Structure formats: C-alpha cells, structure tokens
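Q: A predicted structure for the sequence below; I have some questions about it.
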Amino acid sequence: MTMRRPRKTPAPTARDTRPARETPEEQPRVLAARLYELHREAGKGEPYLERWPGDAELFGVLTFAQQYANQLKGEAHRKAAVLRMQLAEWLRLAADPFQLSAIDDARAGGTSWKEMALVLRYLNRLGEPNPGSAMNLRKRLYVAVKGRPGDRRQPQVAHLIDRRAMEARIAEAQFIAAGEARYAELDAAARALLKHYEAGEIHADPDDDGFWWEQLTEAVDDRRSASERANLLVYVRGVVRETRAYSKRSGKPPAATEQAGSILEAAARLLDLDADS
C-alpha cells in the first residue's frame, strides 16, 4: 500500500504584498447606458422606461434597475445584475469622500471615537462600542480618498500617505529655497533670453506654438510670492531645452549671434543642464 504524499499548498499571500483592488474599468455613465439599453430592448416601449433617471444619476439608476430587475429575463437579467454590481461599487467609492469629511467634522466638533463607534454600530461581543474600529474606518477612508490608486485600504497605509505628504512639503520647501537663493541670477537670465529672442537672435521652431516663451514672458514680471519666483526656474529651463531641441532637429545653431549664444549657455550652466539636456 503506497502512502499518499501530503499535498503542498502555496503559502498565503501577505496582505501587504497583495495588489490593491482596482476600480471598475468602465465609467458609471457607460455602465448606466448599457443597463438602460438592456431594459429598452426588453421593454419594447413599456411605460416604466419613461421613469429612467438619466445615466448621471448613479443612485437613481441603481434604485430603478433594482426595482425593475424582473422585467428582464435570462441572459439580459444576468448582464443587468453584473452592471448593477459594478454601479454599486462606483456608488460606494463615490461616498468615501463624504464619509471621511463627515467623520473629520464630527471629530472637530468634539465627537468621541466611542460615540462614533456606537452610531456606526461598531460593537464588540458584549455589545459595547469599539472606538478602535471607528478609528480604523477613518484611516481606510483616508487611504481611499487621499492615497494613490495602488494603495491598499488598510489602516496602516494611512501613515504612509502622511509621510508622502510630509516629504512633498519638504521637497517643495527645498525647491522654493533654491529658487530664492538664485532668483536674482534667474531673473537676469530670463530677461536677457527674452531680449535676444524678441530681437530674433535665438532661433525658434516656426511650427511651434511658443508655449515656453509665452510662459516666460508672462512670468518674468509677475513674481509676487516665493513659490512663483521659484517657478521661474521651470520656464527658463523650458525655453533653453526647447531651443536646443530645435537646433538638433533643424541643424541650425541655437543662436544667430555670439552674444545670444553666450546668454543661452550661461542660462544652461545656471540650471546645471548639460549639453544633451
């Protein structure tokens, strides 16, 4: 008698490593329109179709489709049920920002987590409110509303989002500080570039819409805040890169005069742009 070898089952995937569940591929309006077509084809002018709420009324569409679900038979009934399921998922996602805002307003108004748990019916086995469950709900909503598409709706991910926000604020502060430190040089470079561009001494693609030059023209005299002054770097970089790109495409030198060429090179050095940038 041969003994059976125990079957090896794959180890369960840790929650942190599983991919996040994505939103439905099709938008609510598309799903609602398909649902209406199923009813229209089956209804053949039935009076109830006149009460269709419109493709944009998500809750109304779901209410209508559920109320008249039995008007459809066979495969149409099955397809409609799947569409309703997807629309309900969209409705749940659409409600997340409202519930998060309501929770935050309630907390700001003095509502305790215990009271919130009682209202939301987060109870333990003894029927007592569980404040931790209410807190975790808030964290999951925070991830859903403030997180990235790939973030899992788990309480611990909320801290990751806060850390990202802090890192973004630090990066922005560093960007502004760097812009402030060399604003005088950037301002001088921007004005010199515009002077030679308007004189026709810096070559530009005649088929281009001149976006970066227009932005630089508008920005150079409108630098009220530190953030706006820091953004001047973006526009100077844009015109230098665009000029170099056109020079490579056309085979022409980037500037028609030696002085204009020197201004371009000085701006590139100020921005730490190499020759290939």
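A: Received the coordinates, thanks.

Q: ok, how many other residues are close to L58?
A: L58 has 19 neighbours, counted by other Cβ atoms under 10 Å. Glycine gets a C-beta too; all of them are placed from N, C-alpha and C.

Q: got a list of what it touches?
A: P28, A32, L87, W90, L91, A94 (Cβ atoms under 8 Å, 6 or more residues apart in numbering).

Q: For ChimeraX, write the select line for the buried members of those residues.
A: Buried members of those, defined by 16 or more other Cβ atoms under 10 Å, are picked up in ChimeraX with:
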select :28,32,87,90
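
Q: Now the two most distant members of the contacts of L58.
A: Farthest pair in these (Cβ to Cβ) is A32 and A94. Separation: 13.1 Å.

Q: Name the spans of the stretch 101-250 of the chain whose pLDDT lies under the cut-off.
A: By pLDDT under 70, the low-scoring segments of the stretch 101-250 of the chain are 179-181, 222-224.

Q: 90 instead, please
A: The stretch 101-250 of the chain contains residues with pLDDT under 90 at 143-189, 204-210, 215, 217-235.

Q: now the most centrally placed residue in the chain: how far from V157?
A: Geometric centre of the chain, nearest residue: R148, 7.1 Å, by Cα atoms, centre = their mean. According to Cβ to Cβ, to the nearest Å, R148 stands 10 Å off from V157.

Q: Ok, F64 next?
A: 36 Å.

Q: A192: what's it in contact with?
A: By Cβ under 8 Å, 6+ apart, the contact list for A192 reads I263, A267.

Q: Would you list the phi and psi of it?
A: Dihedral angles of A192 (phi, psi; degrees, to the nearest 10) stand at phi -70, psi -40.

Q: Repeat that for the one 5 residues further on.
A: As for Y197, its main-chain torsions (degrees, to the nearest 10) stand at phi -70, psi -50.

Q: roughly how far is stretch 168-175 from the heart of the chain?
A: 19 Å (Cα atoms, centre = their mean, to the nearest Å).

Q: buried residues in the strand or helix carrying L194?
A: Assigned by DSSP states H and E, L194 falls within helix 183-198. Residues of helix 183-198 classed as buried: Y183, L186, D187, A189, A190, A192, L193, L194, H196, Y197 (neighbour count, 16+ other Cβ under 10 Å).

Q: so which helix or strand takes in A42?
A: Judged by DSSP H and E, A42 forms part of helix 28-43.

Q: Following the chain onward from that helix, which element is next?
A: helix 58-67.

Q: Which strands or helices does whatever helix or strand comes next after that next one pack on?
A: Using DSSP H and E, the helix or strand that directly follows helix 58-67 along the chain is helix 74-108. Secondary structure elements in contact with helix 74-108, counted by 3 or more Cβ pairs under 8 Å, 6 or more residues apart in numbering; DSSP states H and E, are helix 28-43, helix 58-67, helix 113-119, helix 131-146.

Q: Let's see that with 6 Å instead.
A: Secondary-structure packing of helix 74-108 (3 or more Cβ pairs under 6 Å, 6 or more residues apart in numbering; DSSP states H and E): helix 28-43, helix 58-67, helix 131-146.

Q: contact partners of the last one?
A: If I follow you right, that is helix 131-146. Identification of contacts with helix 131-146 by Cβ atoms under 6 Å, 6 or more residues apart in numbering yields 96-97, 99-100, 103, 113-114, 116-117, 122, 151, 153, 155, 157-158, 161.

Q: What residues sit buried inside stretch 36-54?
A: Y36, L38, H39, A42, G43, L49, W52, P53.

Q: Can you pick out the most distant pair from those?
A: Using Cβ to Cβ, the pair of the buried residues of stretch 36-54 lying farthest apart is A42 and P53, separated by 18.0 Å.

Q: Could you pull up the residues touching I161?
A: Counting by Cβ under 6 Å, 6+ apart, I161 touches K146, G147.
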